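1. kindly generate the corresponding structure for this input.
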Amino acid sequence: MSNVPDNGEAFVTTLITDDYLPGVLILNRSILDTCSHSLFVLAARGLAEETYEALRGSGIPFCVADSIPANSDLFAESDPAYSHWTKTLFKLRIFELTQFRKIVFIDCDIMVLVSIDDLFDCPDMSAAVAGGSFPGNESWRDLSSGVMVIEPRAGIVEELIAAAPAVAAEKQTFGDQDVFIKYFSDWPLDERLHLPESYNVFFDHYRFYLKHGGVKVLHFIGRVKPWMLTRAAFLVQLVRCVVKNNSRGIRMLLRYRRYQRDV
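-> Residues are numbered from 1 along each chain as shown. This is a model prediction of the structure:
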């Protein structure tokens, strides 16, 4: 593939639905501002042609892949409030990007704040226990799939899909991260693979991590993403930061909004 860098390395994100396109474009701008590696997109088949054209127009290389076949029995009892998680199983396909030697996967609801090119020096399946040090989360020990260092290889996707029924037997609602946790069950025991939490910080934890280890990547988890907010809803977010005396959080929201306007 002509879009593969000479060193075989790239940041990768997935685009599963059309409404997440702004997140991809904003992520790309934040990477361009901070890192030397470029972004590659694994896009789901069947998106609007305008979505693919927007990627081309932004100069972002991408390829298209089929969705993971959905087993209706697995999700029959799924809580509708979390039904969007089932679509994230498409993320399993990042392991099929064998045209790359190594990728750093990043969710598209993330803003990169400083260079994270050093992640390409980390071993396969490096990830963070995102939020693990935040008060009340002391029992957290599993990887977060929001940022992962991966060496793609053939055959593993089928094995990951095969692990889904075991996850469904334990959890009423689940997504890609639960499958990764089940498949890579020994991950918590391998300290080599544990990235500092600064590489995957939830926005609600931002002030805490500024004081405890720093913040390199800001992750806007939750169903409603910043680019989905109306002007009024965005102002409400700013007011909440003011009430909490979170001036740095305000700067991050405004930075994100600037990226959104620019794309």
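
2. every contact and neighbour count from this point should use C-alpha atoms.
-> Noted.

3. can you show me the strands along the stretch 101-250 of the chain?
-> 102-106, 110-112, 147-150, 201-202, 217-219 (DSSP state E, counting those that start in this stretch).

4. so what touches the fourth one?
-> For strand 201-202, the external contacting residues (Cα atoms under 8 Å, 6 or more residues apart in numbering) are 130, 131, 209, 215, 216, 217, 218, 219, 220, 221.

5. and what of the last one?
-> For strand 217-219, the surrounding residues in contact (Cα under 8 Å, 6+ apart) are 109-114, 146, 198-203, 206.

6. which one of those residues is nearest to residue 183?
-> residue 146 (16.4 Å; Cα to Cα).

7. which residues touch the nearest residue to that closest one once chain neighbours are set aside?
-> Of all residues not flanking residue 146 in the chain, residue 107 sits nearest, at 5.1 Å (Cα to Cα, 6 or more residues apart in numbering). Each residue near residue 107 by Cα under 8 Å, 6+ apart is listed here: 13, 14, 146, 147.

8. coming back round to it: which of the contacts of strand 201-202 tops the neighbour count?
-> residue 130 (26 neighbours; other Cα atoms under 10 Å).

9. which residues touch that residue?
-> 143, 144, 197, 200, 201, 202.

10. re the thing from before, which of the contacts of strand 217-219 are buried, as a PyMOL select command?
-> A single PyMOL command is used to select the members of the contacts of strand 217-219 judged buried by 16 or more other Cα atoms under 10 Å:
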select buried, resi 109+110+111+112+113+146+198+199+200+201+202+203+206
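
11. so which of the contacts of strand 217-219 is the closest to residue 68?
-> For the contacts of strand 217-219, the nearest to residue 68 is residue 146 (18.7 Å; Cα to Cα).

12. test my guess that that closest one contacts residue 200.
-> Yes: under the criterion of Cα atoms under 8 Å, residue 146 makes contact with residue 200 at 7.0 Å.

13. one step back: wait, which of the contacts of residue 130 is closest to residue 57?
-> Within the contacts of residue 130, proximity to residue 57 (Cα to Cα) peaks at residue 200, which comes in at 28.7 Å.

14. ok, the closest one touching residue 133?
-> No: with contact defined as Cα under 8 Å, residue 200 does not count as touching residue 133 (11.9 Å).

15. wait, a strand at residue 11?
-> Yes: read with DSSP: H, G, I helix; E, B strand; the rest coil, residue 11 is one of the residues of a strand.

16. check contacts around it.
-> 37, 38, 39, 40, 103, 104, 105, 106.
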